[in-house]
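Chemist: Here is a sequence together with a model predicted from it:
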Amino acid sequence: MNPASSSLVTEKALLASRSNDDDLTADSASTSEPPPYSSPSNSSETSISHDSQGTHGFHYYTGLPRLDYKLYSPPVFTLSPDCTTLSSKAEYLTASASALIGLIRSQASIPPKPLIHIRGNRGRTIDFDFKMNLMGLLVADDMGKRLDYIRCVAPGEVAFRGGAKADVLPEVGDGELDEWCRRFIEDPAPVKSFALERVVANLDTLYIEGQIRSLIASTQYKGQINISFPVTHCKVKVKSAEKPSKLYMGMKNLFTSKHKYEVVQSVWPFATARNGEEGRRCMVQSEEVWWREWRDSIKYAMAQKRQNGAYVTNEDKLEALMEGKGKGVTSIDWGGTGPELEEHAD
């Protein structure tokens, strides 16, 4: 599924996702037609409680977004080394449509972890290399204000719909998530997979990157700057456990025997619309407010030449607020040497 198709989410559509009787009205980045989706990801079956005592099945951790963190590491699942993909070959998930539907809905109720990765280097010398976690900007403390929802592939949208290649067919009509799960379970292919993708919508990364680059330039830094926005915990994949026999693989092409279902997204809006659009409402705070709160901490992390992808955290923000760390820094001595890039580094 093309992530760009869910990059524009309007408040009207997000509010409509809270009613099973309303028509589907979410805007798509590539079309004015509404992208279909199944239901709010925090529906009655998977809703998350405010209760810090865990009376609804999970414990609320003070200072963290109100989420069921156990869902990030469920039994019989393995997290990839880069922390992007949670995968399982549990047989019950490829044998029962209801089990697969329950898994997708529960996994859609927790967000991905969007990051900012900031690095500066001069040749083989790394001057600074640190990250920031933006996940808290996707989850409001008031669960009634959450706008996340499940989106299924739209008619005419190119996606892996149960074949070896991306296509616009087949279509499932009504039913969407339930019907896609049923088709996956009934697919006789010996090698098949079903994926849920978690995506972030309406975050203005260009604005944030521009502010960071201007801040770095103000320190007289002359090196190469790399600013990226990686997203971890962004995919959940169920794979068939059965491996085809060598005889079967010899009789049928390997690639045509792999059936992929990548038709479902869990959309987590940073805001109800793109930056600058009328009526925009942010889930937690705007990019501008976020920048004002964190710019001194970012500058201080640079001045300290923080390394190895270390995080800039709330402790850095406290030091900026309480001790003035980062304030008044107009230039940084970039002389000397720092940790060197390995031969194989990008």
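Modeler: Yep, that arrived. Residues are numbered from 1 along each chain as shown.
Chemist: Leu215 touches Ile298, doesn't it?
Modeler: Yes: under the criterion of CB atoms under 8 Å, Leu215 makes contact with Ile298 at 6.4 Å. For every residue, glycine as well, the C-beta is placed using N, CA and C.
Chemist: between those two, who's got more neighbours?
Modeler: A count of neighbours by other CB atoms under 10 Å puts Ile298 above the other of Leu215 and Ile298, at 24 against 19.
Chemist: Which secondary structure state is assigned to that one?
Modeler: At Ile298 the chain is in helix, as set by DSSP: H, G, I helix; E, B strand; the rest coil.
Chemist: Roughly how far does it sit from Arg146?
Modeler: Between Ile298 and Arg146 the distance is 28 Å, computed by CB to CB, to the nearest Å.
Chemist: for Pro190, same thing?
Modeler: 39 Å.
Chemist: Likewise for Val191?
Modeler: Note on Val191: its distance to Arg146, by CB to CB, is 36 Å.
Chemist: Below-threshold pLDDT in this structure: ranges please.
Modeler: 1-57, 242-256, 330-331, 336-346 (pLDDT under 70).
Chemist: show me where it has strands.
Modeler: In the chain, the strands defined using DSSP state E lie at 78-79, 85-88, 113-122, 125-133, 149-152, 161-163, 191-201, 224-228, 231-232, 235-239, 258-269, 310-311.
Chemist: CSV please, covering the ones you listed and showing distance to Glu277 and mean neighbour count.
Modeler: Listed next are the strands of the chain as CSV, based on distance: least, CB to CB, whole Å; neighbours: other CB atoms under 10 Å:
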stretch, distance to Glu277, mean neighbour count
strand 78-79, 36, 12
strand 85-88, 32, 18
strand 113-122, 20, 20
strand 125-133, 25, 20
strand 149-152, 19, 25
strand 161-163, 32, 20
strand 191-201, 13, 22
strand 224-228, 24, 14
strand 231-232, 23, 20
strand 235-239, 29, 21
strand 258-269, 13, 24
strand 310-311, 31, 14
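Chemist: got the ones you listed as a markdown table, with distance to Glu179 columns?
Modeler: Shown next, in a markdown table, are these (distance: least, CB to CB, whole Å):
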| stretch | distance to Glu179 |
| --- | --- |
| strand 78-79 | 28 |
| strand 85-88 | 22 |
| strand 113-122 | 30 |
| strand 125-133 | 36 |
| strand 149-152 | 9 |
| strand 161-163 | 11 |
| strand 191-201 | 13 |
| strand 224-228 | 37 |
| strand 231-232 | 28 |
| strand 235-239 | 16 |
| strand 258-269 | 10 |
| strand 310-311 | 41 |
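Chemist: quick one: which of those strands is nearest Trp180?
Modeler: Set against Trp180 and scored by CB to CB, these come closest in strand 258-269, at 5.1 Å.
Chemist: tell me which strands and helices the closest one is in contact with?
Modeler: Contacts defined by 3 or more CB pairs under 8 Å, 6 or more residues apart in numbering; DSSP states H and E place strand 258-269 against helix 97-108, strand 149-152, strand 161-163, helix 177-186, strand 191-201.
Chemist: now do 7 Å
Modeler: Contacts defined by 3 or more CB pairs under 7 Å, 6 or more residues apart in numbering; DSSP states H and E place strand 258-269 against strand 149-152, strand 161-163, helix 177-186, strand 191-201.
Chemist: Switch those over to TSV, and while doing so, append distance to Ile227 to every line.
Modeler: Below are those laid out as TSV (distance: least, CB to CB, whole Å):
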stretch	distance to Ile227
strand 149-152	28
strand 161-163	35
helix 177-186	36
strand 191-201	16
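Chemist: Out of those, which gets nearest to Val284?
Modeler: That would be strand 191-201 among the helices and strands packed on strand 258-269, by CB to CB, at 12.7 Å.
Chemist: packing partners for the closest one?
Modeler: Helices and strands touching strand 191-201, by 3+ CB pairs under 7 Å, 6+ apart, are helix 97-108, strand 235-239, strand 258-269.
Chemist: so can I have a markdown table of the ones you listed showing distance to Asp316?
Modeler: Output for those, formatted as a markdown table (distance: least, CB to CB, whole Å):
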| stretch | distance to Asp316 |
| --- | --- |
| helix 97-108 | 31 |
| strand 235-239 | 30 |
| strand 258-269 | 25 |
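Chemist: Quick one: closest of the ones you listed to Leu203.
Modeler: Of the helices and strands packed on strand 191-201, nearest to Leu203 by CB to CB is strand 258-269, at 8.5 Å.
Chemist: Okay then, goodbye and thanks.
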